[in-house]
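Asker: got a predicted structure plus its sequence, pasted below:
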Amino acid sequence: MRDGMIKEFTVSENLILREHHKQPFSRSGFLKLRDISHHSNQLISKYQVKTPSYETLAKSLSGGNIQKVVLARELSRNPRAIIAAQPTRGLDIGATGYVREQLLEQRRGGTAILLISEDLDEILALSDRIAVLYEGQIMDILPRAEAAPERLGLLMAGVRPEEKK
């Protein structure tokens with residue numbers, strides 16, 4: 001709610017936050033409400049947002065549905081790159097799975113994704129390469145196939161591979 005949504009805005013208003021001044025959502029400074037509602041209903045359906053209406057205030061949605069609205073807004077813009085910082089923090093199992101699948105779908109489509117997460121399972125499930133930071137330093141960058149949890153744990157504790165001996 002702090003960074004991705006405006007809680008006093010409706011779902012529809014949040015879905016067009018970054019595009020409200022462009023076609024097809026406005027013309028000559030006036031919002032095209034029919035086009036906005038059509039676009040909103042399409043995204044609500046495609047991203048499985050559980051909301052009574054596109055006119056529902058964002059603050060009345062669950063955390064998972066808020067995350068789905070943010071995903072719908074950002075992914076509908078067809079980004080070439082995504083920075084996903086803690087994308088599933090605080091979400092239930094169902095919403096977590098949904099968010100992860102959306103990120104994997106984007107990756108399969110060629111979108112570059114920088115995942116920032118403290119959730120080791122999430123990192124292992126979504127990453128091709130893993131960079132481990134410790135006190136602001138990159139400890140190592142590993143291909144997913146070489147990223148055993150034990151090795152990652154040592155790196156996260158500040159132990160470099162050559163120091164383990």
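Answerer: It's in.
Asker: buried residues in stretch 82-99, which are they?
Answerer: Using 16 or more other CB atoms under 10 Å as the test for burial, stretch 82-99 gives 82, 84, 87, 88, 91, 95, 96, 98, 99. Every residue, glycine included, has its C-beta placed from N, CA and C.
Asker: excluding its backbone neighbours, what's nearest the third one?
Answerer: Right, the one you point to is residue 87. Leaving aside its sequence neighbours, residue 87 sits nearest to residue 99 (CB to CB, 6 or more residues apart in numbering; 5.3 Å).
Asker: which SSE is the one you found in?
Answerer: If you go by DSSP states H and E, residue 99 is part of helix 93-108.
Asker: then residue 114?
Answerer: Residue-wise, residue 114 maps onto strand 112-116 under DSSP H and E.
Asker: neighbouring strands - and their directions - for that strand?
Answerer: The sheet places strand 112-116 alongside strand 81-85 (parallel), with pairing taken from DSSP bridges.
Asker: so what touches the strand it pairs with?
Answerer: 74, 103, 106, 111, 112, 113, 114, 115, 116, 117 (CB atoms under 8 Å, 6 or more residues apart in numbering).
Asker: name the nearest residue to the last one, sequence neighbours excluded.
Answerer: By the measure of CB to CB, 6+ apart, the closest residue to residue 117 outside its immediate chain neighbours is residue 123, 5.4 Å from it.
Asker: secondary structure element for that neighbour?
Answerer: Taking DSSP H and E as the definition, residue 123 sits inside helix 120-126.
Asker: buried ones in that helix?
Answerer: Quick answer for helix 120-126 (16+ other CB under 10 Å): 122, 123, 126.
Asker: in a markdown table: the residues you listed, plus pLDDT.
Answerer: Output for these, formatted as a markdown table (pLDDT from 0 to 100):
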| residue | pLDDT |
| --- | --- |
| 122 | 92 |
| 123 | 93 |
| 126 | 94 |
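Asker: where do the helices sit along this protein?
Answerer: Along the chain, the stretches classed as helices by DSSP state H are 11-15, 33-46, 63-75, 93-108, 120-126, 149-156.
Asker: and those, which is most packed in?
Answerer: Compared across the helices of the chain, helix 11-15 shows the largest average neighbour count, a mean of 24 (mean count of other CB atoms under 10 Å).
Asker: break the protein into its domains for me.
Answerer: By the record's domain assignment, the chain is partitioned as 1-77, 79-127, 128-165 (automatic domain parsing).
Asker: hmm, back to that, contacting residues around the strand holding residue 114?
Answerer: Under CB under 8 Å, 6+ apart, the answer for strand 112-116 is 80-87, 103, 106-107, 122-123, 126-127.
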